[in-house]
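[1] sequence plus predicted model, see below.
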Amino acid sequence: MTGLDKIVSSYEEAMAGLEDGMTVVSGGFGICGIPENLIKEIYRKETKELTVVSNNCGIENYGLGMLLPKRQIKKMVASYVGENGEFERQLMANELEVELTPQGTLAEKIRAGGAGIPAFYTATGVGTLVAEGKHHQIFNGKEYILEKAIIGDFSIVKAWKADRHGNLVYRKTARNFNPMVATAGKITVVEVEELVEVGDLDPDEIHTPGIYVDRLILGTFEKRIEQRTVLTA
Amino acid sequence: MALSREQIAQRVAQELNDGDYVNLGIGIPTLVPNFIPDGIEVMLQSENGLLGMGLFPTKDEVDADLINAGKQTVTMVKGASLFSSAESFAMIRGGHVDLTVLGAFEVDVNGNIASYMIPGKLIKGMGGAMDLVAGADNIIVTMTHASKHGDSKLLTNCTLPLTGKSCIKKVLTDLALIEIKEGKFHLLERAPGVSVEEIIKLTDGELVFEGDVPEMQF
């Protein structure tokens, strides 16, 4: 890495500095648009006691679900954990802490973290368990709760195309949480399917400007599908 | 006869207005696109970052990068747009979605809804449901009227942890179309061949109606 060049040559280098007890914020919705090889590297390193922030926790033995069997996750912040039997088992057995967070609130917490906004008010969750212990405030006759921003020690992101400066383009619904996650890490690591020359991306098409990206690696992806639904003729 | 899942979806589709932007939850609501009335234009919003969701793909069109909120592979219609989760929930929380259709475990006479967990039994998470019920004015809940054991899901007070408070005004079950106002369930329509007495029997919360309650038309 020199100058604005963010490329690293190995996954080991990409996740260097990740330590036990850190907070990792991950992009992806279900297993769509997940940084699958960066997650594998966390599995390989056997980093433990992690707080992981992601909309879901993968599926059994794929995506973030890989980090469950060796109990690498101490706390999960997610909106939906329904697809993962091992997750539910660890949760019911009190082996894992979970902070269920409404999906829009989660997206906004990460966005706010990246934008230097420490907290924000939202109507989502008022009158539910989510609101317990949170500051309530009325604006224009409606009640809101105060939600705090999230910043990760590491952010892990999957994009489609990038140039060496870390300018990123996502593809279809694999974008999901990735653009916010890219902004919210003390160290942001991105893996991509395709590297192009600086100047090849139309500045108008860049979703995440390289300023947010610290490390970049070219990967090959399995891209599993959770629910393969097709039209029956 | 109680409505089938398809008939529930078909009746919901009658509530769509020309030009609506609609968010459909997982389960029965995902069947609604099959019944959009001829001659009206609607755009389906998928909370994971797609406006303009189409039908399921053919085998050759399957794309791992294109899924809906239920993680199913889908397609896009002409005029579709793609965006981040933050942008998606700006649409939802900012009140830009015209109609939201979602499922539930319980609804009560005060418009409270419970749909995301059963303590000690099932913890799936709220996904986008809390945002949807807090951000939308026009919500239709679709669910079966009672459990398989005959326990009513239309209650005086929800017993499960709430997804949202005082936010539901309309419920469509396999037996009835119900409006919630002034702390009561108001019976608007009944499923073909289902009597008012049967509906009363399976409704725990206070249920009121005026005159002859019409059957749903398909």
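    Looks like it arrived, so ask away.

[2] CA atoms for contacts and neighbours, from now on please.
    Fine.

[3] just the pLDDT for the nearest residue to A:Phe177 once chain neighbours are set aside.
    Distances taken as CA to CA, 6 or more residues apart in numbering or on different chains place A:Gly27 nearest to A:Phe177, at 4.9 Å, with adjacent residues excluded. With respect to pLDDT, A:Gly27 has a value of 98.

[4] so A:Gly27 sits right up against A:Glu36, yeah?
    No: using CA atoms under 8 Å, A:Gly27 makes no contact with A:Glu36, being 10.0 Å away.

[5] between the two, tell me which one has more neighbours.
    A:Gly27 (29 against 26; other CA atoms under 10 Å in any protein chain shown).

[6] and A:Met92, what does it touch?
    Contact analysis of A:Met92 by CA atoms under 8 Å, 6 or more residues apart in numbering or on different chains lists B:Gly120.

[7] report the secondary structure state of the most far-flung residue of chain B relative to its centre.
    Going by CA atoms, centre = their mean, the residue of chain B most distant from its centre is B:Asp60, 30.9 Å out. Three-state assignment for B:Asp60 (DSSP: H, G, I helix; E, B strand; the rest coil): helix.

[8] over to B:Gln45?
    strand.

[9] same question for B:Glu87.
    Going by three-state DSSP: B:Glu87 is helix.

[10] neighbours of it, just the number please.
    20.

[11] still on that earlier bit, need the residues touching each of A:Gly27 and A:Glu36.
    With CA under 8 Å, 6+ apart as the test, A:Gly27 and A:Glu36 both reach A:Lys158.

[12] any idea how far chain A is from the residue farthest from the centre of chain B?
    9 Å (CA to the nearest CA, to the nearest Å).

[13] number of residues surrounding residue 20?
    If you meant another chain, say so; for now it's chain A. 14.

[14] hmm, no, I was thinking of chain B.
    15.

[15] tell me the contacts of it?
    B:Glu41, B:Val42, B:Met43, B:Val97, B:Asp98, B:Leu99.

[16] neighbours around B:Tyr21, how many?
    Applying other CA under 10 Å, I find that B:Tyr21 has 19 neighbouring residues.

[17] oh, that last question was meant for B:Val32, not what I typed.
    Around B:Val32 there are 21 other residues, counting by other CA under 10 Å.

[18] you'd agree it is up against B:Ala13?
    Yes: judged on CA under 8 Å, B:Val32 makes contact with B:Ala13 at a distance of 5.9 Å.

[19] distance from stretch B:199-215 to the middle of the chain?
    Using CA atoms, centre = their mean, to the nearest Å, the mean C-alpha position of stretch B:199-215 is found 20 Å from that of the whole chain.

[20] go on, stretch A:71-88?
    14 Å.

[21] show me what that stretch is in contact with.
    A:43, A:46-60, A:65, A:67-69, A:96-103, A:106, B:123-128.

[22] helix or strand with the lowest mean pLDDT in chain A?
    Sorted by mean pLDDT, DSSP states H and E, the helices and strands of chain A end with helix A:85-92, the least confident at a mean of 86.

[23] list the buried residues in the next helix or strand after that one.
    For helix A:85-92, the following helix or strand on the C-terminal side (DSSP states H and E) is strand A:97-100. By 16 or more other CA atoms under 10 Å in any protein chain shown, the buried positions in strand A:97-100 come out as A:Val98, A:Leu100.

[24] how about the helix or strand following strand A:97-100, does it reach chain B?
    Sequence order places helix A:103-114 as the next helix or strand after strand A:97-100, per DSSP H and E. Yes: using CA under 8 Å from any CA of the partner chain, helix A:103-114 reaches chain B at A:Gln103, A:Gly104, A:Thr105, A:Ala107, A:Glu108, A:Arg111.

[25] what sits up against the least confident helix or strand in chain B by mean pLDDT?
    Least confident helix or strand of chain B, by mean pLDDT, DSSP H and E, is strand B:122-123 with a mean of 82. Outside strand B:122-123, the residues that touch it by CA under 8 Å, 6+ apart are A:Val81, A:Gly82, A:Glu88, B:Tyr116, B:Met117.

[26] and it, how far out from the chain's middle?
    20 Å.

[27] is it correct that B:Phe185 is in contact with B:Leu172?
    No: taking contacts as CA under 8 Å, B:Phe185 lies outside contact range of B:Leu172: 11.6 Å.

[28] the two: which is more packed in?
    When B:Phe185 is set against B:Leu172 and neighbours are counted by other CA under 10 Å, the residue ahead is B:Phe185, at 28 against 25.
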